[in-house]
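Undergrad: okay, sequence plus prediction incoming.
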Amino acid sequence: MQKHLIVIGAGPAGYVAALQAGAAGLRVSLIGGHDLGGTCLQRGCIPTKTLIASCEVLDKCRDASKFGLELQGTIAPDWPALRRRMESVVGTMTGGIDGLLEQRGITRIPGRARLLDTRRVALEDGSPLHGDAILICTGSVPAVPAAFPVDGQRVVTSDEALRWTSLPASLVIIGGGVIACEFAFIFQTLGVAVSVIEAEDRPLAGEDTAISTVIQREMRKRRIRFLPKALVEQMEVDDAGVRCYQNGQLLASAERALIAIGRRANTAGLDLDAAGLKPGRRGEIPVDRHLQTCVPGIYAAGDVNGRLMLAHAASAQAQLAVRHLLGERTDPIQDENVARVTFTRPEVASVGLSEQQALERGLEIRCGSFDFRALGKAHAGGELAGLVKVVAQADTGRLLGVHMVGAHCAEMIHEAAVIVNAQGSVEDICRTVHAHPTLSEGIYEAAESIFGVAPHKPDVRPSTQDTVHASYRRLSV
Amino acid sequence: MPVTEDYLFSQGHMWCRLMEDGDYLIGVSDHAQKSLGEIVYVELPDPESEIAQGEPLGVIESVKVVNDLIAPISGTVIEANDSLVDQPAVVNDSAYDAGWMLRIRLKSPEQLNNLLNHAQYLALVG
Ligand SMILES: Cc1cc2nc3c(=O)[nH]c(=O)nc-3n(C[C@H](O)[C@H](O)[C@H](O)COP(=O)(O)OP(=O)(O)OC[C@H]3O[C@@H](n4cnc5c(N)ncnc54)[C@H](O)[C@@H]3O)c2cc1C
């Protein structure tokens, strides 16, 4: 008899699992069909990247004269029109997913489900559904501590910010991670005066310090106010706006506030208990390397297992879980070898270990770095800021990590991702002739600078400086 | 503005110069400015922060490179030249005058002994 898979949640984990299982001949019920594409498509990756595309056009137009172009008339952001474009892109993609699910004969069930036992779930109307296996893909929701009075208008999370009907004159963003930084650049470009309050000493604290340094500088250039090592303990909200305090001291005030201090696994209301599952400290569902929970036949993929909180990781995990329950061979996903991208201005992308992580593991390493501004393509495109940093094992040259900040680097990280995942070395980069003129030449130059001499590196000094701190270069002229 | 006796230079290509009120102005040398090419961004520390001789105090970006600025002396920042934020290329036009970067209250006068006079500096970069 045809096996029945129940998938709860239709985000990048759930709908991809459903497509894969459907193609493999399983009967699939996908619950959560009211929110196809999940956080990623409806209120995450795609809406924000649509906004960022508009910001890029806006910046280019503002720089028109630098490109030898005369802009006749003015250019200004139109928030309602930006939102319409966002909604239209989301609509197109939602329709696309729906069509794919239809083609594979997947039953889409709107509403929320909860677990009844290890093989049954209750649908929103209470009716039970029995499956041979259950895949939980309920994703994550913004984390909001009780001290922050989210009202959906003045104090918001990313969910509501995307639905604002107008933009504020000023905004304080609490948090300095990926989502916080992306919004900081978006709103500042659209004319909002942005302050960012971060508990760590740098933005994007999960990235290599060389990357954070550049992003913090780019924030300064755009007059985004960055407050490091600050913790909002108290917030006052009234008609005058929002004021954030630490120890009774005013940190920042603005018309509105955006809380972006992280996301937590969405397991509330799932009745994990009923199936014998216990959430971890942050509500996440613990899984093994096959994405299986402690209950055989129940899997959890995507944000809900708290591992990576990235859309492409969610889809990859979901595919792996489906392969495992089909009894196929699976290669576990090495979390650190999944590429990470952040759409700040400029973009950030990385894969593998940072210099700091490699050192913490006691590895003997060498690092090489290269500034994009030494490349012709960077000058031609008027996009100078940024660098590539390559981390390799000192004795074997094995590529441990690549970290980039600069224009288009989210597109360029996959060369490095392929090599890191294949356990290749910097040699693999060096002996591959990179096309000219491209920004990818920067990856080649950074790799070359580890063991040899990068042809286009301006301040070439055969020293250990790069091994210690790639960002620490003295004025050497 | 000609370089006079009161300009002292570090090997890190920065100058400092005694002002009438006893504070020091610092900036980058004309040689540095020329070698860097068009300067597009200068990041300086805020007033009241401390800088230390031989340590990075900020960042200078040109169309060619990004480099740390290395403090020629130790002391407290009294004022930063804010006009460089919008017009960093002033450093190219006037490295020794309008392109000054910081006004510093000197901490250890003996550090001045580590610096070079203009002739010595020119010999170094010559
Ligand atoms: C503003 C923002 C920008 C982002 N940008 C990026 C980016 O550029 N790149 C990137 O990789 N990641 C990005 N992310 C993260 C990305 O959105 C998530 O990693 C991804 O959506 C996780 O997919 P998922 O399927 O695990 O969960 P989700 O996308 O959260 O989907 C879970 C789905 O399950 C549904 N659900 C929950 N409970 C139930 C229930 N009981 N019954 C039925 N359905 C239920 C939810 O309604 C939702 O539709 C961003 C996130 C945000 C918020």
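TA: Nice, I can see it. Keep in mind that what you see is a predicted model, and the values were worked out from it rather than measured.
Undergrad: what pLDDT does residue 21 get?
TA: Answering for chain A, as no chain was given. Per-residue pLDDT puts residue A:21 at 97.
Undergrad: meant chain B, my bad for not saying
TA: At residue B:21, pLDDT is 93.
Undergrad: likewise for residue A:460?
TA: 38.
Undergrad: got any ranges where chain B has weak pLDDT?
TA: Scanning chain B for pLDDT under 70 picks out the ranges B:1.
Undergrad: contact partners for residue A:352?
TA: Taking Cβ atoms under 8 Å, 6 or more residues apart in numbering or on different chains, we find residue A:352 in contact with A:336, A:337, A:391, A:399, A:400, A:401, A:402, A:416, A:420. (Each C-beta comes from the backbone N, C-alpha and C, glycine too.)
Undergrad: check which helix or strand covers the fifth one.
TA: Looking back up the chat, that one is residue A:400. In this structure, residue A:400 sits in strand A:399-406 according to DSSP states H and E.
Undergrad: helices or strands up against that strand?
TA: Under the contact criterion of 3 or more Cβ pairs under 8 Å, 6 or more residues apart in numbering or on different chains; DSSP states H and E, strand A:399-406 touches helix A:209-221, strand A:347-352, helix A:355-360, strand A:386-393, helix A:409-421, helix A:426-430, helix A:441-451.
Undergrad: list the buried ones in the first one?
TA: What it means is helix A:209-221. A:209, A:210, A:211, A:212, A:213, A:214, A:215, A:216, A:217, A:218, A:219 (16 or more other Cβ atoms under 10 Å in any protein chain shown).
Undergrad: and the contacts of the lengthiest helix in chain A?
TA: Longest helix in chain A by number of residues (criterion: DSSP state H): helix A:79-103. The contact list for helix A:79-103, computed with Cβ under 8 Å, 6+ apart, reads A:10, A:15, A:18-19, A:22, A:30, A:36-37, A:41-42, A:46-47, A:50-51, A:54, A:108, A:162-167, A:190.
Undergrad: try 6 Å
TA: A:15, A:19, A:36, A:37, A:41, A:46, A:47, A:50, A:54, A:108, A:167 (Cβ atoms under 6 Å, 6 or more residues apart in numbering or on different chains).
Undergrad: and the pLDDT at the nearest residue to residue A:413 once chain neighbours are set aside?
TA: Nearest residue to residue A:413, sequence neighbours excluded (Cβ to Cβ, 6 or more residues apart in numbering or on different chains): residue A:349, at 3.8 Å. Looking at residue A:349, its pLDDT reads 98.
Undergrad: can you pull out the helices in chain B?
TA: Going by DSSP H, chain B shows helices at B:30-36, B:83-86, B:90-93, B:118-125.
Undergrad: can I get these in JSON lines with distance to residue A:118 and mean neighbour count?
TA: Below are the helices of chain B laid out as JSON lines (distance: least, Cβ to Cβ, whole Å; neighbours: other Cβ atoms under 10 Å in any protein chain shown):
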{"stretch": "helix B:30-36", "distance to residue A:118": "67", "mean neighbour count": "20"}
{"stretch": "helix B:83-86", "distance to residue A:118": "63", "mean neighbour count": "14"}
{"stretch": "helix B:90-93", "distance to residue A:118": "70", "mean neighbour count": "18"}
{"stretch": "helix B:118-125", "distance to residue A:118": "76", "mean neighbour count": "14"}
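Undergrad: what's the closest of these to the ligand?
TA: helix B:83-86 (30.7 Å; Cβ to the nearest ligand atom).
Undergrad: output the contacting helices and strands for that closest one.
TA: Helices and strands touching helix B:83-86, as assessed by 3 or more Cβ pairs under 6 Å, 6 or more residues apart in numbering or on different chains; DSSP states H and E, are absent.
Undergrad: show residues contacting that helix.
TA: With Cβ under 6 Å, 6+ apart, helix B:83-86 has contacts from residue B:42.
Undergrad: for that helix, output the C-alpha coordinates as PDB.
TA: Coordinates of each C-alpha in helix B:83-86 appear next as PDB, following Å, rounded to 0.1, in the frame of the first residue of the first chain:
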ATOM      1  CA  SER B  83      34.700  68.100   7.200                       C
ATOM      2  CA  LEU B  84      36.600  65.000   5.900                       C
ATOM      3  CA  VAL B  85      33.400  62.900   6.300                       C
ATOM      4  CA  ASP B  86      31.900  64.600   3.300                       C
END
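Undergrad: residue A:292 and residue A:280, how far apart?
TA: As for residue A:292, its distance to residue A:280 is 15 Å (criterion: Cβ to Cβ, to the nearest Å).
Undergrad: neighbour count: these two, which is higher?
TA: Of the pair residue A:292 and residue A:280, residue A:292 is the one with more neighbours under other Cβ atoms under 10 Å in any protein chain shown, namely 18 against 12.
Undergrad: run through the bridge partners of that one.
TA: In this entry, residue A:292 is beta-bridged to residue A:299, by DSSP bridges.
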